[in-house]
Structures are given as structure tokens and as C-alpha cells.
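*Asks:* need the 3D shape of this:
(chains A and B, ligands or ions: 1)
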Amino acid sequence: MKRLTYPFTAEAVREFKVGDMVLITGKLFTGRDAVHKHIHDGNRPPVDLKNQIIYHCGPVTLKDKKTGKWKVTAAGPTTSIREEPYQHEVIRDYGIVGVIGKGGMGQKTLDACKQYGCVYLHAVGGAAQVLAEKITSVDGLYWDEFGLPEAIWELSVVDFPVVVTMDAHGNSLHKEVEEHSKEVLKTVI
Amino acid sequence: MTKKVAAKKVAKKKILAKKKSPKDQTIDSLIELIRITSTVVPEDVQRVLRDSMKNEVKDTTASYAMGIIKDNIDLAKIKSQPLCQDTGTVIFFVYHPPGFRQNDFKDLIKKSVTKATQAGYLRQNSVNSLTGENAGTNLGEGHPSIHFYEHKGKEIEVKLVLKGGGCENVSAQYSLPDTTLGAGRDLEGVRKVVIDSVHKAQGKGCGPGALGVCVGGDRADSAYYAKKQLLRKLDDKNPHSELNKLEKEIVETCNKLGIGPMGFGGKTTLLSCKITSANRVPASFFVSISYMCWAFRRQGIVLDKNLKIKKWLY
Ligand code: SF4
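*Replies:* Predicted coordinates for the structure are as follows:
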């Protein structure tokens, strides 16, 4: 088990290789379809994303009526490949060092990871409750005009569990597994 | 007023409060069905998950993922909150005696779905396909999906499946013969396309998955019967001996593909495969595959004559 602790840096994530199991402690920013498209369209993100991690997640959130504080009640990853048209540029232009999601991403993103020092971190799909438990506080909400699941949520996490499936050296576990399983497939059908 | 009279009045009030109208009682029972379906993985599925977990090598990404899945199942149950935030397409199967009023029951199902959504057991998950609008109620054309069957029994039985989007997206339909796969119009051809669909899915359907398969039918019925196979308990036996054999063979073979939980690599790719068949016209031969994620949400209830839950089916 490895650890990644805030403040994050490109140097730190370059140490990881595919297959590493990592616990993240620090800060995450959620961002999914609307956010990626909006940034890609040329709008500056409302927060400095340099050396930050973006999480492909549309959380289920509740506002405490008395305190006015937000709480995340479910926070599993959403399918990352939908951001493939945008992710490379977002990594390049804003210095993101980690992307969390599920299902993996394509060659363009893999290239960006290598070129700029970023990793793709796979969370367990469907594990909405376990992952929500790792969120210790909600520290900010931006671009909520896109709707709450599509907004940027600034979250503090402790021991948030992920697996490195695309590293900063051009390796993709998704590619490896796909190729290996294809070889097996040929022998069984 | 004497104390005794007052006490009697209170007691009477309590009885009145307890006795719900048949409609309200049905809605209560249905909301409870939705709550349990959304928050608890049925025992037969949990058993297979537990066994698979033992097969994975310690300290691998596969056992890590299975461990998180197990923790999530435990936590969702304790907190009574959805296992996964995608609470899926809501699909009801209602088995009823003759003379039953389907439309009335449909209204009660819709009311229950709205209330279960307000209570947070279902996410606001239904979108108008033309306008993109989300009414926030989980109601709309075709939502929830409700299927009625008349049966001989006197009781009403309601089964519910919540089918996630990620796993629905990797579900598939093949038309045989499929020349690229060398799949002909026989059970060997069926075997090939089903395994191919699992390979194509990789980890994207939040595997380890469970399959419902239908051989034959037209395109629509074939997909429907495939999905209906998800109602079968994972440890049951297919009465058709050849299909029973094929089900086992497909699971064994798919677990050799090395795709593993979440596509991280590993031994657990498929938890189960259930196959049925339907007649076809000579010109067509469809094979439909319904892929269900590890967050396999299915439950069922039998209602007693007071419309309370008498028995859980899974
Ligand atoms: S495929 Fe299943 S577990 Fe994965 S996100 Fe969808 S509903 Fe959840």
C-alpha cells in the first residue's frame, strides 16, 4: 500500500506505476462532463488546479438545515472515458497531477500523463458508501449553476482508496489487461 | 372525563392510526421493498462474492477491490443508504391472481417510487430522452418499468430489479451467425458470443458481473427475457441440462480471461450466467446478454391479505 499526501506534486505522482494501490489524504476537486467541457471551451476554472487532483464524480449531497453545511452521502466514480475529448488539454493547461475515475481513459490522456506528470487513479465503481466515508469535509462549491452533481466540489479526504491504472510513464493497466485477455480469448473461442 | 374513558379514547385512536387504508399499506410495503433492494445485496449474490474473494491472491489489486466491495455492502446495509449512487432503471415484476386491477396497482407503484426517491433510496435518475429534463420523481414515459403476470396463486408477489447504467451500457445483442467470431447458429455459437461480450465489457460494467442470457426471440423479447434471467437465484439449477452445463462452462471460461474485479486483472470476472431460450423465426437467431454489475440489486416480496410484507423472496 502506498500513500499520496497533500500537497501533491508531479514528482510524487511520477513515482507511481500501474498496479500500485494508493491511499490519498488531502484535497480533491470533483469535475465531470459539464466542468470539463466548460474549461475546454476556454473558461478559466474558478479555482487554481495546479498540482491538484480532479475526481470524476457526481456526488449525492445534503445540506444540513441548521448549520448550512454540506455533507456528501454517496460519492462513487463515474465513467471517465466521456472526458477523453477534454482531459489532455485540461491536464496540460492547468497542471493537474491526478485524475480519479472509473473505467480508464484513452491514448490522448495517457500521453498527457507522461508529458506533464499526471496519473490516472481508478476508484472502485459502485463503492459509493465506502468512498463517501473517506470524505471528512466539504470545503467549497463552485460552478453550481451546472447542477449539484455537475458542480465542482472541494473535498477533504483521508485514506481515499484508489489503484493506479495509468501512470506517468506511458503504461496503462487497462491496455495490459485488455491485451492479455484477448490472447486468452483466442484460445477459448 | 374519567381516566378510564380517556385511556379508552387514546387506545381507540391508536388502533385507528395503526389500521391503514389498503392503498397506504401497499405503498408502505412497496417503499420497504425499494429500500431493501437499493441498500442490501441479496444473500445468494453475497455468498458468491464472498467465495470469489477467497480465490483472489492476497495483496493484489483484485483482492483490494473485492475488499472494498465487501466493505461497501456492509456499510450500505448499516447506514440504510444506496449501495451505489446510480440506483438504475427501476424494474418491477408483479405476479397477481385473476381479477386483479393492474392500473390501480400501477398508480401505487408510481407513488411508492416518488416517495422512495424523496427519502433518498433512489437517486433522481429519470431523464426525458428528447428534452434532457429530469423531473426528479423517477416517473416518466416507460419509467418505472412495470411487468404484470397473472399466476394461479392467491397472493400478490412483487419482484424488483435496479439495473445500473454502466452495466446496461456493456450489455449486448448478437445476431448469429457471426463470422468474425466464427459463431454459428448453435449452442457453441452462443458460448462464443457470450464470452466475447464479457471480454468486450472488460471492467467497464463494474465487474465482477452476472449475466442473464436469452437465445432466440425477436430483438425486443430477446433482450427482455435475458434481463428476466437476473431474477434467478445464483445457486439455482437450470432445468434444461444442456443450458445448465453451458452456464457453468461460461462462468469457468470467463474467469480464465484475467479481467478481474473492475478490470484490474484477477480471477473473478464473472459471478454467474443464467440462460433461457425463446422461439425465433427461421430467418433470425439473436443472442441477448444482460450484464449486471457486482451491485446486483434484486429483491422480492409476497404480500399478505392485509397487504403487509409476509415474506422476502431472496
Ligand atoms: S455499473 Fe453498477 S456499480 Fe457500477 S456505477 Fe453503475 S450501478 Fe453502480
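*Asks:* mind telling me which residue of the stretch 51-200 of chain B is nearest the ligand?
*Replies:* B:Gly164 (2.1 Å; Cβ to the nearest ligand atom). Glycine gets a C-beta too; all of them are placed from N, C-alpha and C.
*Asks:* hmm, that residue is touching B:Cys84, no?
*Replies:* Yes. Using Cβ atoms under 8 Å, B:Gly164 is in contact with B:Cys84, at 6.4 Å.
*Asks:* quick one: common contacting residues for those two?
*Replies:* Between them, B:Gly164 and B:Cys84 share these contacting residues under Cβ atoms under 8 Å, 6 or more residues apart in numbering or on different chains: A:Gly126, B:Cys206, B:Cys293, B:Ala295.
*Asks:* the worst-scoring helix or strand of chain A on mean pLDDT near the ligand at all?
*Replies:* Counting by mean pLDDT, DSSP states H and E, chain A has its least confident helix or strand at strand A:60-63, which shows a mean of 88. No. Using Cβ under 6 Å from any ligand atom, strand A:60-63 stays clear of the ligand, with a minimum separation of 12.4 Å.
*Asks:* buried residues of the next helix or strand after that strand, list them for me.
*Replies:* Sequence order places strand A:70-74 as the next helix or strand after strand A:60-63, per DSSP states H and E. Using 16 or more other Cβ atoms under 10 Å in any protein chain shown as the burial criterion, the residues of strand A:70-74 that qualify are A:Trp70, A:Val72, A:Thr73, A:Ala74.
*Asks:* then stretch A:32-41?
*Replies:* For stretch A:32-41, the buried set under the neighbour-count rule, 16+ other Cβ under 10 Å, comprises A:Arg32, A:Asp33, A:Ala34, A:Val35, A:His36, A:Lys37, A:His38, A:Ile39, A:His40.
*Asks:* now, those residues that are in helices?
*Replies:* A:Asp33, A:Ala34, A:Val35, A:His36, A:Lys37, A:His38, A:Ile39, A:His40 (DSSP state H).
*Asks:* correct me, but the first one touches A:Ile81?
*Replies:* What it means is A:Asp33. No. Under the criterion of Cβ under 8 Å, A:Asp33 is not in contact with A:Ile81, lying 11.3 Å apart.
*Asks:* surely A:Leu185 touches B:Ile195?
*Replies:* Yes. If you go by Cβ under 8 Å, A:Leu185 and B:Ile195 touch, sitting 6.9 Å apart.
*Asks:* between the two, which one's more packed in?
*Replies:* Looking at A:Leu185 and B:Ile195 with other Cβ atoms under 10 Å in any protein chain shown, you find the greater number of neighbours at B:Ile195, namely 24 against 20.
*Asks:* which of the helices or strands spans that one?
*Replies:* B:Ile195 belongs to helix B:187-201 when elements are defined using DSSP H and E.
*Asks:* is the ligand within reach of that helix?
*Replies:* No. Helix B:187-201 stays clear of the ligand (Cβ under 6 Å from any ligand atom), getting no nearer than 10.2 Å.
*Asks:* distance check, the residue of chain A found nearest the ligand against A:Leu28.
*Replies:* Taking Cβ to the nearest ligand atom, the ligand has its nearest neighbour within chain A at A:Gly126, 2.6 Å off. Distance check for A:Gly126 against A:Leu28: by Cβ to Cβ, to the nearest Å, it reads 18 Å.
*Asks:* just give me the neighbour total for B:Ala278.
*Replies:* Counted by other Cβ under 10 Å, the residues lying close to B:Ala278 total 16.
*Asks:* try B:Thr37
*Replies:* 28.
*Asks:* now do the biggest helix by length in chain A: everything it contacts.
*Replies:* Ranked by number of residues, the top helix in chain A under DSSP H is helix A:173-188. Contacting residues not belonging to helix A:173-188 are listed as A:18-19, A:103-104, A:122, A:163-166, B:195-196, B:199, B:202-203, B:253, B:256-260, B:263-265 [Cβ under 8 Å, 6+ apart].
*Asks:* what bridges to the residue sitting nearest the centre point of chain B?
*Replies:* A centroid search over chain B (Cα atoms, centre = their mean) returns B:Val161, at 2.9 Å, as the residue closest to the centre. In this entry, B:Val161 is beta-bridged to B:Ile91, B:Arg298, by DSSP bridges.
*Asks:* wait, it touches B:Leu230, no?
*Replies:* Yes. Under the criterion of Cβ under 8 Å, B:Val161 makes contact with B:Leu230 at 5.8 Å.
*Asks:* what do the two both touch?
*Replies:* B:Arg298.
*Asks:* show me where the stretch 201-314 of chain B has strands.
*Replies:* For the stretch 201-314 of chain B, applying DSSP state E, counting those that start in this stretch gives strands covering B:209-216, B:270-278, B:286-292, B:297-303, B:309-312.
*Asks:* quick check: residues of chain A near the ligand?
*Replies:* Residues of chain A lying close to the ligand (Cβ under 6 Å from any ligand atom) are A:Gly76, A:Gly125, A:Gly126.
*Asks:* what do you get if the cut-off is 8 Å, keeping everything else the same?
*Replies:* Taking Cβ under 8 Å from any ligand atom as the test, the list of chain A residues beside the ligand reads A:Gly76, A:Pro77, A:Thr78, A:Thr79, A:Lys102, A:Gly125, A:Gly126, A:Ala128.
*Asks:* so the second one sits in a helix?
*Replies:* To tie it back to what came earlier, the one meant is A:Pro77. No. Secondary structure assignment (DSSP: H, G, I helix; E, B strand; the rest coil) places A:Pro77 in coil, not in a helix.
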